[in-house]
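In: Generate a structure from the sequence data that follows.
(chains A and B)
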Amino acid sequence: DAGITQSPRHKVTETGTPVTLRCHQTENHRYMYWYRQDPGHGLRLIHYSYGVKDTDKGEVSDGYSVSRSKTEDFLLTLESATSSQTSVYFCAISEGIGNQPQHFGDGTRLSIL
Amino acid sequence: AQSVTQPDIHITVSEGASLELRCNYSYGATPYLFWYVQSPGQGLQLLLKYFSGDTLVQGIKGFEAEFKRSQSSFNLRKPSVHWSDAAEYFCAVGENDMRFGAGTRLTVKP
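Out: You can find the predicted model right below:
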């Protein structure tokens, strides 16, 4: 299996608090992605990165920010969490051919009360 | 705008029977198309992809998919389903900003 680790795997927090999710890869892949998965919506792209300090917005980026200071780490931050951000979050990586996500982490289940 | 429709939310097939999961897409140019599988509590695994060339693509676990431009479809098939194929399947289209369908949940009857 590809070396992707998401942390934490589960988190419960309150509305208005900041939350940071971490994705760590050991594959040295150039592209990294953050998705959220909600029933009836499949996966929706939040942000992606095409290199260190190079990021771009996805379909549902409002309320989220990301940072990538090292090739292996991609952080997703919810500056002030809202209940609508309760979801399962997946990180994915890609070598870049076709740029599609090739390997996914096991997800972080985030509940915002 | 690109989009993907998976018309079947849930499909049940008997073990050993053939399977076809439907996927229709909307995309402005020649699409990059993908199928992923997700087992409960896990991330997605790439089954197969189409970029260009032969419209029938082979993937892992005995799956194949056929790109039909005239029908804007990319249906996934397997000739004989195994109990371990029970999972959720997602079709996707695009490049960096990929769009996923809502998924089809497959149940396999013994």
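In: Give me the phi and psi for the closest residue to chain A within chain B.
Out: Here the residue of chain B nearest chain A is B:Gly43; by CB to the nearest CB that distance is 3.1 Å. The way it works is simple: take the backbone N, C-alpha and C, and place the C-beta from them, glycine included. Main-chain dihedrals, B:Gly43, degrees, to the nearest 10: phi -80, psi -180.
In: what's the burial count for it?
Out: Neighbourhood size, B:Gly43 [other CB atoms under 10 Å in any protein chain shown]: 24.
In: ok, B:Asn75 touching B:Glu66?
Out: Yes - shown here, B:Asn75 and B:Glu66 form a contact pair, counting by CB atoms under 8 Å, at 6.1 Å.
In: Now the spatially most central residue of chain A: which helix or strand?
Out: Centroid check for chain A by CA atoms, centre = their mean gives A:Trp34 as the closest residue, at 2.8 Å. For A:Trp34, the element it lies in under DSSP states H and E is strand A:31-38.
In: mind listing what residue 28 touches?
Out: Because you didn't say which chain, this covers chain A. A:Thr71, A:Glu72 (CB atoms under 8 Å, 6 or more residues apart in numbering or on different chains).
In: Correction: the question concerned chain B.
Out: When the contact criterion is CB under 8 Å, 6+ apart, the partners of B:Gly28 are B:Gln2.
In: A strand includes it, no?
Out: No - assessed with DSSP: H, G, I helix; E, B strand; the rest coil, B:Gly28 is coil; it does not lie in a strand.
In: who in chain A is up against chain B?
Out: Neighbours of chain B within chain A, by CB under 8 Å from any CB of the partner chain: A:4, A:31, A:40-45, A:48, A:50, A:56, A:58-59, A:90, A:92, A:98-107.
In: What pLDDT does the model give the closest residue to B:Thr30 other than its chain neighbours?
Out: Leaving aside its sequence neighbours, B:Thr30 sits nearest to B:Ser52 (CB to CB, 6 or more residues apart in numbering or on different chains; 6.7 Å). Listed pLDDT for B:Ser52 reads 85.
In: now swap in A:Arg44 and tell me
Out: A:Arg44 is assigned a predicted lDDT (pLDDT) of 93.
In: Please list the residues of chain B that sit near chain A.
Out: Counting by CB under 8 Å from any CB, chain B sits next to chain A at B:4, B:32, B:34, B:41-46, B:49, B:51, B:90, B:92, B:94-103.
In: Give me the buried subset of these.
Out: B:4, B:32, B:34, B:43-46, B:49, B:90, B:92, B:94, B:96, B:98-103 (16 or more other CB atoms under 10 Å in any protein chain shown).
In: ok, back up a step: for the strand holding A:Trp34, which positions count as buried?
Out: A:Tyr31, A:Met32, A:Tyr33, A:Trp34, A:Tyr35, A:Arg36, A:Gln37.
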